[in-house]
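**Student:** when you get a sec, could you give me coordinates for this:
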Amino acid sequence: MPPIVANSVLPARRDDIELRTSDGLLLVGELALPEDREPVGTLVCVHPLPTHGGMMDSHVLRKVAWRLPALAGLAVLRFNTRGTSSARGTSEGVFDEGNAEGLDLAAALEFVAGRGLPDPWLLGWSFGTDVILRHGNVDPVQGAVLLSPPLRFSTDADLDSWAQSGRPLVAVVPALDDYLQPTEAAERFARVPQAQVIGVPEARHLWVGEKYVRIALDEMVRAVAPSESPLPDDYDGPMERWSDL
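**Tutor:** Just a heads-up that it's a prediction; the model follows:
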């Protein structure tokens, strides 16, 4: 079978979507669904810091949408938070340091509920993890996977709220992260009894390299759809190649 490589795009039903926030902003995004079955779960993705290039197309999130509908049967919702641009377009509004971005996440969860998508988990990367920790501990969220959490905008009070809710938190932390490495992450997340901190040797904050992307995707699926883990390294079916990598 052909191997899955960095720019492999596997089959899915992909639709451009729009989200309307409670303060009246229009956000742009995409929903990717399994092509030939109903989804077994849902990932709602919150991207890295838009003031430093983060967007719904940040490479790990794009690969989540390219692969996991086909490989793990997951629905994947990506969107640009307020004031953020990507090839999909620009979401209205302006960056608000993780404050009003809580309304953006709420709009995404309202969309998930309206579409009847099952078992939503939140997936954040860097800044996205702070948005999730501050604003994502709500129904119908099942839990959250946090890639490279810097714990920059979130506080111990936010962590305590997750501890009280009992919702699972899985922090996937690069050993060479620029902001928060596994030992310190374990100390910070210790106040959340149900939190798992998974250190990834030699990985860095930006998850550059196919080896590390695969580790990150495997940890997501192990948390959200364990029956679909581990992910295969190849795919027996149609597979396109994205041209800008």
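**Student:** quick one: contacts of stretch 128-135?
**Tutor:** 45-48, 54, 81, 98, 101-102, 104-106, 122, 124, 144, 146-154, 158-159, 162, 171 (CB atoms under 8 Å, 6 or more residues apart in numbering). Placement of C-beta: from N, CA and C, glycine included.
**Student:** repeat that for 6 Å
**Tutor:** Residues outside stretch 128-135 that contact it (CB atoms under 6 Å, 6 or more residues apart in numbering): 46-47, 98, 101-102, 105, 122, 124, 144, 146, 149, 152-154, 158.
**Student:** same question, stretch 100-112
**Tutor:** 19, 21-23, 27, 42, 44, 77, 79, 81-82, 120, 131, 135-136.
**Student:** among the residues you listed, which two are most distant?
**Tutor:** Comparing all pairs in the contacts of stretch 100-112 by CB to CB, the longest separation belongs to Asp23 and Thr42, at 24.2 Å.
**Student:** between those two, which one's more packed in?
**Tutor:** Thr42 (24 against 12; other CB atoms under 10 Å).
**Student:** what's the per-residue pLDDT of the more buried one here?
**Tutor:** On the pLDDT scale, Thr42 is placed at 98.
**Student:** looks to me like it is in a helix.
**Tutor:** No: per DSSP: H, G, I helix; E, B strand; the rest coil, Thr42 lies outside any helix segment and is strand.
**Student:** I'd assumed Val76 was in contact with it.
**Tutor:** No: with contact defined as CB atoms under 6 Å, Thr42 does not reach Val76; the gap is 7.7 Å.
**Student:** just the helices in the chain please.
**Tutor:** Taking DSSP state H as the criterion, the chain contains helices spanning 59-72, 101-115, 127-135, 156-165, 182-189, 210-224.
**Student:** just the ones you listed: most buried one?
**Tutor:** Greatest average neighbour count among the helices of the chain goes to helix 127-135 (a mean of 26), per mean count of other CB atoms under 10 Å.
**Student:** what pLDDT, on average, does that helix get?
**Tutor:** When pLDDT is averaged along helix 127-135, the result is 98.
**Student:** how far is it from where the chain is centred?
**Tutor:** Offset of helix 127-135 from its chain centre (CA atoms, centre = their mean, to the nearest Å): 11 Å.
**Student:** just the CA coordinates for that helix, please, in CSV.
**Tutor:** Listed next in CSV are the C-alpha coordinates belonging to helix 127-135 (Å, rounded to 0.1, in the frame of the first residue of the first chain):
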residue,chain,number,x,y,z
PHE,A,127,-2.4,29.6,21.9
GLY,A,128,-5.3,27.3,21.1
THR,A,129,-4.7,25.4,24.3
ASP,A,130,-5.1,28.5,26.3
VAL,A,131,-8.4,29.3,24.6
ILE,A,132,-9.6,25.8,25.4
LEU,A,133,-8.4,25.8,29.1
ARG,A,134,-10.1,29.2,29.6
HIS,A,135,-13.4,28.7,27.7
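**Student:** tilt between that helix and helix 156-165?
**Tutor:** Helix 127-135 and helix 156-165 are oriented at 70 degrees to each other (axes from the mean of the first three to the mean of the last three CA atoms, to 10 degrees).
**Student:** for the helices of the chain, give me a markdown table that also has distance to Arg204.
**Tutor:** Shown next, in a markdown table, are these (distance: least, CB to CB, whole Å):
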| stretch | distance to Arg204 |
| --- | --- |
| helix 59-72 | 12 |
| helix 101-115 | 24 |
| helix 127-135 | 16 |
| helix 156-165 | 24 |
| helix 182-189 | 13 |
| helix 210-224 | 8 |
